[in-house]
Every structure is written in structure tokens, then in C-alpha cells.
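Asks: sequence and predicted structure are below.
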Amino acid sequence: MKVQELMERAGITETGRALAYIKDGVEEMNVISETHIKTQRIDIVKDQRFYDLPDDHIQILDIRCKNHLNIKDEYRSIPRGIGNVPIKDADGV
Amino acid sequence: MASRKEYLYQIKGTRLSLVEKDFSTTDGLNFPGVDGSPYGTAGDGITDDIPSGSSAYKSPLTSITGGIEVEYVYNAVSSLVDEGDAIDLPSYLAKALVYYVKGRIAEDVMDLERKEYFMREFRKMVEKHGNSQVPGPRTVMPGSHAIR
């Protein structure tokens, strides 16, 4: 469906407002029902603790790491740590 | 052959904090019987089967290309700029979106009863669409920390 058709069905004439509502609606839909999902791989860098999450993410579904609890180069889900890590980040990046 | 690793993550603001358990020091936990464990196999002695102390999580110990895989829900409409642009949604969900837009319009004029009606219809259609994607029997997958 095109934006114009949706505007006609909803009875709205201002394009800017319609686009804003459509974006909100699709975001809401994504949160309720996870309609648009993708995966991205990030390089692990020695001694670097912090990594940027994808800019367009709304909700994180899973984080997997290569060779986590295996030696077969499989990607497996990693658990979320609770509390602070006692050993300080070496490079602070 | 790749070596076995053990990671944890935390979300710090908009960034992912990744730490790895350091097995090279004596304060790592033993995991007898697990693939690649440097501490031998289960039941091969008393000391190997006893955790040796507190664990040491540090920043990743080695670089791995494409080592983290993040699965996420993304914002699919950031490219919409014009009336002629197509909304990247199945037709059923596009109809649900009409209800959402109608609901927001009703909210703008403070017609809250109409707004609630349209939002209810919107949520109903989205949930119905979600349920329609899962035919057949379902099996619960064991978690990553299930008993092996």
C-alpha cells in the first residue's frame, strides 16, 4: 500500500502529519509483533569492551557470540550479566 | 581449531558491553566435560571437578571478525518521504496501520472514545497477524543454560 492510499483511507490530507503517524504506527507494530527483523555482525576487538548497537534498532531480540560454549564456530546466545564487572575496562573505549 | 569461549553482555546506554571469562588464570571456574575445556573431562579426578574460585570476566581477550551477532527489530520506515512511497508491510498490516492513523487523528481532536476504538482494532489486527504466522505444533527450545 502506498502512503497516498493510506491517507485516503484514513481521511487525512496533510502529508507530513500522515508520514509521522505512519512511522509511529510501524514502530508500534514492531514492538507489539516484531514485524521487521534482521541480524548484524559486529567484530570483536581485543580489549574493547563497548560496541555500538545498530542505529536503526528498536528492540534487541538476541545476542549471540561465535564459539560461546563451543569449539565448532557456532554462534550461541550469550547471557546478560547483572551487576558490575569488577575488572575495569582496560582501554576505556 | 577454535577455542571455547564464554561471554556475558550488558547494555550500557546505547552501547553493548561485552566481557569474556578468562580461563588462563587460576581463578576461572572449571567446566569439566564441556567441549574444549582446558581442565580435562568430568570425573577424571577430584580437583578438576571442583570450581577453583571466583570467576574473572574481562574485556574480550582475542579479536574475532564478525564475532557478535545481534538479532534485532529495526525501524523499517525511515525512508518514507513522499506520498508516492510504498509502505513495506503485508497488506493486512497496512490495513491495521489505517486504524492507527485514524486513532491518532481522533486523539488530536480529543475524541478519546474513537481513539480507543481505533487503537483496539489496530492491536487486534496486529496480534491476529502475528498468530497467523505460526502454524502447526510448537516445541519449546531449551535455553542456552539448560541442563546438558
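Replies: Now that the structure is in, tell me what you want to look at.
Asks: in chain A, where is pLDDT below threshold?
Replies: Residues of chain A meeting the criterion pLDDT under 70: A:90-93.
Asks: max-length strand in it?
Replies: strand A:57-66 (DSSP state E).
Asks: next SSE after that one?
Replies: Next along the chain after strand A:57-66, taking DSSP states H and E as the criterion, comes strand A:75-77.
Asks: buried residues, the longest strand of chain A. List them.
Replies: When neighbours are counted by 16 or more other CB atoms under 10 Å in any protein chain shown, the buried residues of strand A:57-66 are found to be A:H57, A:I58, A:I60, A:I63, A:R64, A:C65, A:K66. Bear in mind the C-beta positions are built from the backbone N, C-alpha and C, glycine included.
Asks: wait, the first one sits on B:S78?
Replies: No: counting by CB atoms under 8 Å, no contact exists between A:H57 and B:S78, whose distance comes to 11.7 Å.
Asks: please enumerate the strands of chain A.
Replies: Secondary structure of chain A by DSSP E: the strands cover A:37-44, A:50-52, A:57-66, A:75-77.
Asks: quick one, which of these gets closest to B:G66.
Replies: For the strands of chain A, the distance to B:G66 is smallest for strand A:37-44, at 3.8 Å, taking CB to CB.
Asks: return the set of buried residues in that closest one.
Replies: Neighbour-count burial for strand A:37-44 flags A:I42, A:I44 (criterion: 16+ other CB under 10 Å).
Asks: other SSEs contacting it?
Replies: With contacts defined as 3 or more CB pairs under 8 Å, 6 or more residues apart in numbering or on different chains; DSSP states H and E, the packing partners of strand A:37-44 are strand A:57-66, strand B:64-74.
Asks: could you identify the most distant pair in the buried residues of strand A:57-66?
Replies: The two members of these with the most space between them (CB to CB) are A:I58 and A:K66, at 25.0 Å.
Asks: quick one, strands of chain B?
Replies: With DSSP E as the criterion, chain B has strands spanning B:7-12, B:15-21, B:57-58, B:64-74.
Asks: would you turn those into CSV with mean pLDDT?
Replies: Compiled in CSV, the strands of chain B are given as follows (pLDDT from 0 to 100):
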stretch, mean pLDDT
strand B:7-12, 91
strand B:15-21, 91
strand B:57-58, 86
strand B:64-74, 93
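Asks: now these in TSV, with distance to A:M29 and mean neighbour count?
Replies: Compiled in TSV, the strands of chain B are given as follows (distance: least, CB to CB, whole Å; neighbours: other CB atoms under 10 Å in any protein chain shown):
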stretch	distance to A:M29	mean neighbour count
strand B:7-12	23	17
strand B:15-21	25	19
strand B:57-58	37	18
strand B:64-74	10	18
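Asks: right, and those - which one's nearest A:R9?
Replies: Of all those, it is strand B:64-74 that lies closest to A:R9, at 25.6 Å by CB to CB.
Asks: quick one: that closest one near chain A?
Replies: Yes: Strand B:64-74 lies within reach of chain A by CB under 8 Å from any CB of the partner chain, at B:I64, B:T65, B:G66, B:G67, B:I68, B:E69, B:V70, B:E71, B:Y72, B:V73, B:Y74.
Asks: which segments of chain B make up each domain?
Replies: B:1-72, B:74-132 (automatic domain parsing).
Asks: among those, show the one with the smallest mean pLDDT.
Replies: The stretch with the lowest mean pLDDT among these is domain B:1-72, at a mean of 71.
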